[in-house]
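**Student:** next comes the sequence, and after it the predicted model I'd like to discuss.
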Amino acid sequence: MTNTRELILAIESSCDETSVAIIADGSQILTNIVASQINSHKRFGGVVPEVASRHHVEQITLCIEDALQEAKVTPAELTAVAVTYGPGLVGSLLIGISAAKAFAWAHQLPLIPVNHMAGHIYAARLVKPLEFPLMALLVSGGHTELVYMSEDGSFEIIGETRDDAAGEAYDKVGRVLGLTYPSGKEIDQLAHLGEDTYHFPRAMMKEDNFDFSFSGLKSSFINLVHNAEQREEVLIKENLAASFQASVIEVLVEKTIRACQTYPVKQLIMAGGVAANIGLKTAMEVAISKRLPEIELIVPPIRLCGDNAAMIGAAAHVELKLGHLSSYELNANPSLVFQTM
Ligand code: KG4
Ligand code: ZN
């Protein structure tokens, strides 16, 4: 291995995955270790912050060692260390940040702070080079946003959810259906076996903005299920999943297409855990090819849609180019919002 390559060791610990990656030249994944804690949280129906922190403490050093070993890289060969500093759970973030600081100090490496949501967008850079201006639809457990990027490091939120995030709605509805947390993937699978027979509302479709709302859909769903239970009516799970998913997808696709018609974009990136949804991906592909064939759609592979450190390394490459480094004073920012890099 030569020192001419830029090698970034990236750490992600904002929620319930401890992940360490090594990225070469901002786009090549040498390793992307992801230690998921999901089995520990399932029985609680959501992520328990204290449990998450404990797992991160146990995993972080092992993940760093595994990453270096798997990539066959020594600390001396690294260019920098990158870490997610927000948004996320404060205790979880602090563990990644402390590990990154200690590693950077021990090996005299620059420290790059990365916004988790910028990481989700830059996951696309691991698939192909980005062309600006571009639009990103960010759909995760905590966020649903349309982000316009005129250039690297510039983020303008042009629309966002007024209440629940799309992933949050999936998880809450999944709970009502008796599915395990997180339930996005299972609802997606059930939806493919059913039909949209319950016709849930399509919130904010007619409004002339790029915002979303999913709490009304969630309430309609819960009311329908509870009323049916009281009347001892049997509902068809597959059709419930298909009807819920059809409503989410139609709104996400329609508003995204409108945003891409309004802004002069060359590419559309779908990012975040919900971008792993097969129904959403297919519907977006069809809509783009029919209505905006000149725009290139990039959806990272499933392993890069969920939380992982490779995407943090890809975003860190841009931060490094822009000269954005941090001192050892770096703190977690649980409610970090987009700032232009
Ligand atoms: O980005 P992510 O891994 O973590 C956050 O930063 O939030 O997203 C997790 C969310 C969960 O709500 C999960 O249910 C949802 O992504 N999700 C999906 C699918 N896979 C994961 N939602 C819909 N369809 C999927 N296939
Ligand atoms: Zn995430």
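**Tutor:** Everything's here; your move. Ligands and ions are numbered 1, 2, ... in the order given.
**Student:** list the contacts of whichever residue of the stretch 1-150 of the chain sits closest to ligand 2.
**Tutor:** Residue nearest to ligand 2 within the stretch 1-150 of the chain: Ser140 (4.5 Å; CB to the ion). Every residue, glycine included, has its C-beta placed from N, CA and C. By CB atoms under 8 Å, 6 or more residues apart in numbering, Ser140 lies in contact with Met117, His120, Ala165, Ala166, Gly167, Ala271, Gly272, Gly273, Val274.
**Student:** can you narrow the residues you listed to ones near ligand 1?
**Tutor:** Gly167, Gly272, Gly273, Val274 (CB under 6 Å from any ligand atom).
**Student:** and for the last one, the neighbour number?
**Tutor:** Residues near Val274, counting by other CB atoms under 10 Å, number 27.
**Student:** ok, now which ones touch it?
**Tutor:** Taking CB under 8 Å, 6+ apart, we find Val274 in contact with Val139, Ser140, Gly141, Thr144, Ala166, Gly167, Tyr170, Gly184, Leu280, Cys305.
**Student:** what about it, which SS state?
**Tutor:** Per DSSP: H, G, I helix; E, B strand; the rest coil, the secondary structure class of Val274 is helix.
**Student:** can you tell me which residue of the stretch 101-250 of the chain sits closest to ligand 1?
**Tutor:** As assessed by CB to the nearest ligand atom, ligand 1 sits closest to Gly184 within the stretch 101-250 of the chain, at 2.1 Å.
**Student:** in space, what's closest to that residue - neighbours in sequence excluded?
**Tutor:** The spatially closest residue to Gly184, leaving aside those adjacent along the chain, is Tyr170, at 4.1 Å (CB to CB, 6 or more residues apart in numbering).
**Student:** for the host helix or strand of the one you found, buried residues please.
**Tutor:** According to DSSP states H and E, Tyr170 maps onto helix 166-176. Neighbour-count burial for helix 166-176 flags Ala166, Gly167, Glu168, Ala169, Tyr170, Asp171, Lys172, Val173, Gly174, Val176 (criterion: 16 or more other CB atoms under 10 Å).
**Student:** and for the residue of the stretch 201-341 of the chain found nearest ligand 1, the neighbour number?
**Tutor:** Going by CB to the nearest ligand atom, ligand 1 is nearest to Gly273 of the stretch 201-341 of the chain, at 2.1 Å. Other residues lying near Gly273 total 25 when counted by other CB under 10 Å.
**Student:** can you pull out the strands in this protein?
**Tutor:** 7-12, 17-24, 28-36, 80-86, 111-115, 134-139, 144-149, 156-160, 267-271, 296-298 (DSSP state E).
**Student:** let me see the mean pLDDT of the shortest one.
**Tutor:** Per-residue pLDDT values over strand 296-298 give a mean of 98.
**Student:** how about the fourth one?
**Tutor:** For strand 80-86, mean pLDDT is 98.
**Student:** is ligand 1 within reach of it?
**Tutor:** No. Residues of strand 80-86 are not located near ligand 1 by CB under 6 Å from any ligand atom, the shortest gap being 10.0 Å.
**Student:** can you name the two of the ones next to ligand 1 among the contacts of Ser140 that sit furthest apart?
**Tutor:** Within those, Gly167 and Gly272 form the most distant pair, 7.3 Å apart (CB to CB).
**Student:** joint contacts of the two?
**Tutor:** In contact with both Gly167 and Gly272: Val139, Ser140, using CB under 8 Å, 6+ apart.
**Student:** look up how far ligand 2 lies from the residue most central in space within the chain.
**Tutor:** Nearest residue to the geometric centre of the chain (CA atoms, centre = their mean): Gly272, 2.4 Å. Distance of Gly272 to ligand 2, computed by CB to the ion, to the nearest Å: 6 Å.
**Student:** which ones are touching that residue?
**Tutor:** Contacts of Gly272 (CB under 8 Å, 6+ apart): His120, Leu138, Val139, Ser140, His143, Gly167, Cys305.
**Student:** and if you look at Ser14?
**Tutor:** With contacts defined as CB under 8 Å, 6+ apart, Ser14 is in contact with Thr84, Gly86, Pro87, Gly88, Leu89, Ser92, Leu93, Gly96, His116, Asp307.
**Student:** around the fourth one, how many other residues sit close by?
**Tutor:** Translated: Gly88. With other CB under 10 Å as criterion, Gly88 counts 27.
**Student:** try the last one
**Tutor:** In terms of burial, Asp307 registers 26 neighbours under the definition other CB under 10 Å.
**Student:** now it: how far from ligand 2?
**Tutor:** Distance, Asp307 to ligand 2, by CB to the ion: 4 Å.
**Student:** show me what contacts that residue?
**Tutor:** Contacts of Asp307 (CB under 8 Å, 6+ apart): Glu12, Ser14, Cys15, Asp16, Glu17, Ser19, Val34, His116, Gly273.
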